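K.L.:
Any chance you can model this:
(one chain, ligands or ions: 1)
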Amino acid sequence: ADKLPNVVILATGGTIAGTGATSTTTVGYTAAKIGVEKLIEAVPEMKKVANVKGEQVFQIASESMTNDHWLKLAKRVNELLKQSDVDGIVITHGTDTIEETAYFLNLTVKSKKPVIIVGSMRPSTAISADGPINLYNAVATAGSKDSVGRGVLVTLNDEIQGARDVTKTNTMTANTFRSPELGSLGYIVSGKPIFYRASTRKNTADTEFDVSKLDKLPAVDIAYGSANANTIAIDAFAAAGDVGIVYAGTGDGSLANTVRPRLTELRKQGLQIVRSSRVGNGPTIRNGENNDDETDFVVSDTLSPQKARILLMLALTKTKDTKEIQRMFYTY
Ligand SMILES: NC(=O)CC[C@H](N)C(=O)O
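P.N.:
Presented below is the predicted three-dimensional model:
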């Protein structure tokens with residue numbers, strides 16, 4: 001018989017480690033309560049698909065995830081994946097920012113070995129809690145040779161999503177994770193991942209980013225467009241010393257005539273401006289709703305504002321050149 005793969009579970013908190021007052025409490029529970037050993041004990045079936053070890057890296061609700069947490073996590077993942085006795089990693093995580101951590105690691109993990117991020121929508125104490133099956137599926141996926149070289153994956157609800165395109169689409173339901181338009185990558189059927197597609201964008205071992213020597217990331221924030229838009233938020237970001245702003249514009253990243261001149265001015269002062277969209281689907285197109293060559297802005301392509309923030313931070317660790325940064329947004 002084949003030897004079982006070695007999978008390390010890095011626990012960070014979230015609802016998967018949450019507890020509610022009663023078995024019918026599915027909203028209004030407390031996230032990030034249960035430790036990694038308890039999570040592992042709750043799913044003895046995992047031992048049939050992998051040798052599992054656990055590490056508690058943080059114990060937080062994922063809305064409180066920071067750049068510093070990401071740097072620490074990426075460094076630990078890279079350390080572990082260098083070990084010949086580690087075949088794959090599972091990260092348990094709150095669902096609110098799972099897609100951001102997944103994309104950050106998709107750009108900063110320097111290995112083709114599987115990295116799977118998993119969470120749950122119901123706390124561990126709920127009837128039909130989704131955490132245990134999600135964790136089992138994640139461990140099976142992390143231990144599978146079929147998962148090698150596919151970038152960081154998010155697995156919930158028997159589905160496999162790619163880090164670049166996945167997003168939380170529903171505040172409450174178990175099937176909240178989708179990759180709208182561009183599609184999920186596959187399913188997990190009775191503990192076996194089955195892949196149907198892959199993103200054409202570069203990831204993990206094939207990226208140009210290296211955070212191993214960084215202890216901080218460039219300051220980048222997101223401003224949100226709407227009717228009656230003003231410059232209060234972007235002025236504050238600039239005053240606070242941000243080096244980049246992602247503007248979640250309306251439609252195809254369109255900018256109100258009350259906003260465009262100020263963004264253009266900030267670009268001249270050296271801030272990097274990425275034009276993205278609040279719509280959630282479709283590309284923000286270069287020289288579409290704005291003359292980006294003239295204003296010297298970058299467009300986010302199909303990245304959501306929250307993922308554009310991540311790529312802009314990493315891009316700014318390498319270059320300040322707009323053309324180069326735009327190339328990165330078409331590469332990752
Ligand atoms: N379903 C969840 O995991 C949400 C709980 C919490 N807000 C978090 O993201 O950690």
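K.L.:
Does residue 174 touch residue 130 like I think?
P.N.:
Yes: between residue 174 and residue 130 there is a contact at 5.0 Å, judged by CB atoms under 8 Å. Every residue, glycine included, has its C-beta placed from N, CA and C.
K.L.:
How about the chain: which residue is closest to the ligand?
P.N.:
Closest contact between the chain and the ligand, by CB to the nearest ligand atom, is at residue 94 (1.8 Å).
K.L.:
about what we covered before: more neighbours: which of residue 174 and residue 130?
P.N.:
Comparing residue 174 with residue 130 by other CB atoms under 10 Å, the one with more neighbours is residue 130, at 22 against 18.
K.L.:
I'd say that one and residue 123 touch.
P.N.:
No: using CB under 8 Å, residue 130 makes no contact with residue 123, being 9.8 Å away.
K.L.:
any residues in contact with both of residue 174 and residue 130?
P.N.:
120, 121, 122, 156, 157 (CB atoms under 8 Å, 6 or more residues apart in numbering).
K.L.:
For the last one, give its distance to residue 117.
P.N.:
Between residue 157 and residue 117 the distance is 14 Å, computed by CB to CB, to the nearest Å.
K.L.:
between the two, who's got more neighbours?
P.N.:
Neighbours were counted for residue 157 and for residue 117 using other CB under 10 Å; residue 117 has more, 27 against 20.
K.L.:
tell me the SS of that one?
P.N.:
strand (DSSP: H, G, I helix; E, B strand; the rest coil).
K.L.:
hey, what's it bridged with?
P.N.:
Beta-bridge partners for residue 117, by DSSP bridges, are residue 91, residue 154.
K.L.:
Whether the biggest strand by length in the chain contacts the ligand - can you check?
P.N.:
In the chain, with assignment by DSSP state E, the single longest strand is strand 51-60. No: counting by CB under 6 Å from any ligand atom, the ligand has no neighbours in strand 51-60; the shortest distance is 7.1 Å.
K.L.:
what does stretch 154-173 give?
P.N.:
No: applying CB under 6 Å from any ligand atom, one finds stretch 154-173 separated from the ligand by no less than 8.6 Å.
K.L.:
Any buried residues in that stretch, and which?
P.N.:
Residues of stretch 154-173 classed as buried: 154-168 (neighbour count, 16 or more other CB atoms under 10 Å).
K.L.:
Now go through those residues and say which are in helices.
P.N.:
The subset of the buried residues of stretch 154-173 located in helices under the criterion DSSP state H is empty.
K.L.:
Of these, which pair is most distant in space?
P.N.:
158 and 164 (20.5 Å; CB to CB).
K.L.:
and the longest helix seen in the chain, what does it pack onto?
P.N.:
What stands out as the longest helix in the chain, according to DSSP H, is helix 67-82. Applying 3 or more CB pairs under 8 Å, 6 or more residues apart in numbering; DSSP states H and E, we find helix 67-82 packed against strand 6-13, strand 51-60, strand 88-92, helix 98-108.
K.L.:
ok, now with 10 Å
P.N.:
strand 6-13, strand 51-60, strand 88-92, helix 98-108, strand 115-118, helix 305-316 (3 or more CB pairs under 10 Å, 6 or more residues apart in numbering; DSSP states H and E).
K.L.:
Dump the ones you listed into a markdown table; add mean pLDDT as well.
P.N.:
Listed next are those as a markdown table, based on pLDDT from 0 to 100:
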| stretch | mean pLDDT |
| --- | --- |
| strand 6-13 | 98 |
| strand 51-60 | 98 |
| strand 88-92 | 98 |
| helix 98-108 | 99 |
| strand 115-118 | 98 |
| helix 305-316 | 99 |
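K.L.:
Those residues of this structure touching the ligand, which are they?
P.N.:
Taking CB under 6 Å from any ligand atom as the contact definition, the chain meets the ligand at 13, 14, 15, 31, 61, 62, 63, 94, 95, 96, 119, 121.
K.L.:
Now do the contacts for the nearest residue to the last one once chain neighbours are set aside.
P.N.:
What sits nearest to residue 121 in space, not counting adjacent residues and going by CB to CB, 6 or more residues apart in numbering, is residue 174, at 4.8 Å. Residues in contact with residue 174, defined by CB atoms under 10 Å, 6 or more residues apart in numbering, are 26, 120, 121, 122, 128, 129, 130, 133, 134, 156, 157, 158.
K.L.:
could you dump the residues you listed to CSV with pLDDT and secondary structure?
P.N.:
Listed next are the contacts of residue 174 as CSV, based on pLDDT from 0 to 100; DSSP: H, G, I helix; E, B strand; the rest coil:
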residue, pLDDT, secondary structure
26, 93, coil
120, 98, coil
121, 97, coil
122, 97, coil
128, 96, coil
129, 97, coil
130, 97, coil
133, 98, helix
134, 98, helix
156, 98, strand
157, 98, coil
158, 98, coil
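K.L.:
Present these as JSON lines; the columns should include distance to residue 296.
P.N.:
JSON lines is the format used below for these (distance: CB to CB, whole Å):
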{"residue": "26", "distance to residue 296": "48"}
{"residue": "120", "distance to residue 296": "44"}
{"residue": "121", "distance to residue 296": "42"}
{"residue": "122", "distance to residue 296": "47"}
{"residue": "128", "distance to residue 296": "52"}
{"residue": "129", "distance to residue 296": "50"}
{"residue": "130", "distance to residue 296": "46"}
{"residue": "133", "distance to residue 296": "49"}
{"residue": "134", "distance to residue 296": "44"}
{"residue": "156", "distance to residue 296": "40"}
{"residue": "157", "distance to residue 296": "42"}
{"residue": "158", "distance to residue 296": "45"}
